[in-house]
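**Student:** Please work out how this folds:
(chains A and B)
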Amino acid sequence: MTHTDIKSLIEAEFGASSVVDTIESATPKGLVVSVEKLQDVCLFLRDNEQTYFDSLSCLTAIDNGVEANTIEVNYNLYSIPYSVQLLLRVIVARNEEGAELPVIPTVSDVWKTAEWHEREAFDLVGITFEGHPDLRRILLPTDWNGHPLRKDYSTQEYYHGMKVDY
Amino acid sequence: MSTVQYTYDPKHLEASEPTKYKAADLTEEQMLINIGPQHPSTHGVLRFEVITDGEVVVDVVPHLGYLHRCFEKHAESMPFNQVIPYVDRLDYVGAMNNEHAYVMGVERMLGIENDIPKRTEYIRVLVAELNRMASHFVAIGTYGLDIGAVTPFLWMMRDREHILRMLEWVSGARMLYNYMWVGGLFYDLPVGFEERCKEFVTYLKPKLVETRDLLLNNKIYVERTANVGVLSRDLAINYGVTGPMLRASGLRFDLRRIDGYSVYPELDFEIPVGEGTVGTVGDCWDRTWVRYRECEESVKIIEQCLETLTKAHKRTRDYDPRAMVPKKIRPQAQDFYVRAENPKGELGFYFRTDGRNDVPVRCKARSCCFSNLSVIPEISRGVLIADFIAIVGSVDFVLGEVDR
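**Tutor:** Below is the predicted model:
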């Protein structure tokens, strides 16, 4: 089953607006889905007997920088029964410095793998996952400032009285 | 002239990683115990916040990040070939396997993966399987140590030492090799390596049987691990658990077979799964048993590689392991996800490149230990503290990879 087949499958279920675009320049190829429909699409892809995407291999959050002003999250799905890989992507607007973080619905109730990966994305890239059961920092200390994988990140000067940049 | 480097402030002593449970959340019988970050059974700097009721574990909250070295941030600031030493330091007891996954990904992005000489690929598989055994030796040995068996640890470390010395001979370093390069290898195998490796295989086979009899079939060991920490197959898939842990839960899933990368399709080996021989499928005993069986399969792969490396693709004067190493690594603009079977599970790299630069825009490491570790709270609620230690040991994580 190719990504275009899956596209028509999703569109038949959730309407044409659920899939925004296809991604051809990626391996595995993928689909850009709308943020509102993300949870439904994920649950549908997991339980549909034509796809059975039962595992989430990887979740990657990417900051596209100040110029593009978007942040995206990439979900690498894998279907063990059919041995098919698929990339799902959602794109949201980037927040201004100091403003509320961008919000994406959580998929941690579809795949538990996402629970810790979303915490990591929150920690390093700065995305709030709506409905996440326990959204705390995971790799950095709780009282750290900022999200290091943002393209415009600069480190704080002092942490607990210790100079950060040396 | 002296500058003041640090001024005391009482706020600096506040814990930077507070516990999730506060005193008000606990009932009168419950107690909060921190296991780690400096505890031998956590196999590194990992802290478990354990809520106990008497000797029973009520809940577990892992706190990670004590070994966070900003791998992804570093990878965004240097060319692809310079990241390989950092990749070594992810899972530092299986460094060759990490390198194999990484260079495979970059080669596929460049489109040169079919131009790599067969001898190079066979050497890669040979050293990766040696390293896989070394990693499993650490896992089995320290697991015995965790639950009170000291001798197997010493024996496994003795055999691992042979592997480390051979890999040192190959690459110049004992643990962090930087041996596989994008497009080739650092050097050909040293002269005489194949013969020495054959000797080692002959030496190792009876030692593996000894280990099985000493540890895995030992009555005390079986009593401690059978039926403990049972992980069902569905739960394992949902949590993204991979590697020996997933196979111990009864799913014959090995990326060496499923994806068939490198020269693995040409090699003959089995994929062991947990069968619940002494307890339930997916218990602690099964996990260690699968690792032990994988060592036997690795021996088979190594023998076949040595056979090929001394006959069909033997050492020749004109073989240059660096012939295909590109001068400039600049893949086209694309997103690429590559995955490979590491000793501990599926190691993946997600690359984003823009085609204008030698450094990736984003390089995310999908760590197998990270996902394997996340299942611990689920399978350890309601067990005894002693069993909790047995469960943690059986997961076999390396904090270098969890925290990256």
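
**Student:** element containing residue B:260?
**Tutor:** Assigned by DSSP states H and E, residue B:260 falls within no helix or strand.

**Student:** can you tell me how far it sits from chain A?
**Tutor:** Distance, residue B:260 to chain A, by C-beta to the nearest C-beta, to the nearest Å: 11 Å. From N, CA and C alone the C-beta is placed, and that goes for glycine too.

**Student:** same check, this time on residue B:158
**Tutor:** From residue B:158 over to chain A the distance is 36 Å, taken as C-beta to the nearest C-beta.

**Student:** need the helices for chain A, in chain order.
**Tutor:** With DSSP state H as the criterion, chain A has helices at A:3-14, A:38-47, A:65-68, A:113-124.

**Student:** Most tightly packed of these?
**Tutor:** Highest mean neighbour count of the helices of chain A: helix A:113-124, a mean of 24 (counted as mean count of other C-beta atoms under 10 Å in any protein chain shown).

**Student:** quick one: is that helix near chain B?
**Tutor:** Yes - looking at helix A:113-124 against chain B by C-beta under 8 Å from any C-beta of the partner chain, the contacts come from A:113, A:115-116, A:124.

**Student:** before we move on, back to that, dump the helices of chain A into TSV; add mean pLDDT as well.
**Tutor:** What follows is these, written out as TSV (pLDDT from 0 to 100):
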stretch	mean pLDDT
helix A:3-14	86
helix A:38-47	90
helix A:65-68	84
helix A:113-124	92
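
**Student:** partner residues bridging the residue nearest to the spatial centre of chain A?
**Tutor:** Residue closest to the average C-alpha location in chain A (C-alpha atoms, centre = their mean): residue A:73, at 2.8 Å. Following DSSP bridges, residue A:73 is listed with bridge partners residue A:61, residue A:90.

**Student:** In contact with it, which residues?
**Tutor:** A:59-62, A:89-90, A:104, A:121, A:127 (C-beta atoms under 8 Å, 6 or more residues apart in numbering or on different chains).

**Student:** 7 Å instead?
**Tutor:** Listed by C-beta atoms under 7 Å, 6 or more residues apart in numbering or on different chains, the contact set of residue A:73 reads A:59, A:61, A:90, A:104, A:121, A:127.

**Student:** Okay, now the unreliable bits of the chain?
**Tutor:** Assuming you mean chain A. The model of chain A has pLDDT under 70 over residues A:97-98, A:166.

**Student:** To clarify, I was referring to chain B.
**Tutor:** Applying pLDDT under 70 to chain B flags the ranges B:1-2.

**Student:** Chain A contacts on the stretch 151-300 of chain B?
**Tutor:** B:237-240, B:253, B:258 (C-beta under 7 Å from any C-beta of the partner chain).

**Student:** Setting the sequence-adjacent residues aside, check what's closest to the closest residue to chain A within the stretch 151-300 of chain B.
**Tutor:** Closest residue of the stretch 151-300 of chain B to chain A, C-beta to the nearest C-beta: residue B:240 (3.2 Å). The shortest distance from residue B:240 to any residue other than its chain neighbours is 3.2 Å, reached at residue A:113 (C-beta to C-beta, 6 or more residues apart in numbering or on different chains).

**Student:** picking up where we left off before, any idea how far the residue nearest to the centre of chain A is from residue A:128?
**Tutor:** Distance, residue A:73 to residue A:128, by C-beta to C-beta, to the nearest Å: 12 Å.

**Student:** Please apply the same query to residue B:208.
**Tutor:** 50 Å.

**Student:** What is the burial count for the closest residue to residue B:324 other than its chain neighbours?
**Tutor:** Spatial nearest neighbour of residue B:324, chain neighbours left out: residue B:183 (4.1 Å); criterion: C-beta to C-beta, 6+ apart. Counted with other C-beta atoms under 10 Å in any protein chain shown, residues neighbouring residue B:183 total 23.

**Student:** for the one 3 residues further on, same thing?
**Tutor:** Using other C-beta under 10 Å as the criterion, residue B:186 is surrounded by 16 other residues.

**Student:** is it true that it touches residue B:172?
**Tutor:** No - in this structure, residue B:186 is not within contact of residue B:172 by C-beta atoms under 7 Å, at 8.1 Å.

**Student:** ok, now which ones touch the residue of chain A found nearest chain B?
**Tutor:** Residue nearest to chain B within chain A: residue A:113 (3.2 Å; C-beta to the nearest C-beta). Counting by C-beta under 7 Å, 6+ apart, residue A:113 touches A:56, B:239-240, B:371.

**Student:** My read is that residue B:211 contacts residue B:155, right?
**Tutor:** Yes - the pair residue B:211 and residue B:155 passes the contact test of C-beta under 7 Å, sitting 6.3 Å apart.

**Student:** ok, the two, which is more surrounded?
**Tutor:** Between residue B:211 and residue B:155, counted using other C-beta under 10 Å, the more crowded position is residue B:211 (22 against 19).

**Student:** Now for the more buried one: which residues touch it?
**Tutor:** B:152, B:155-156.
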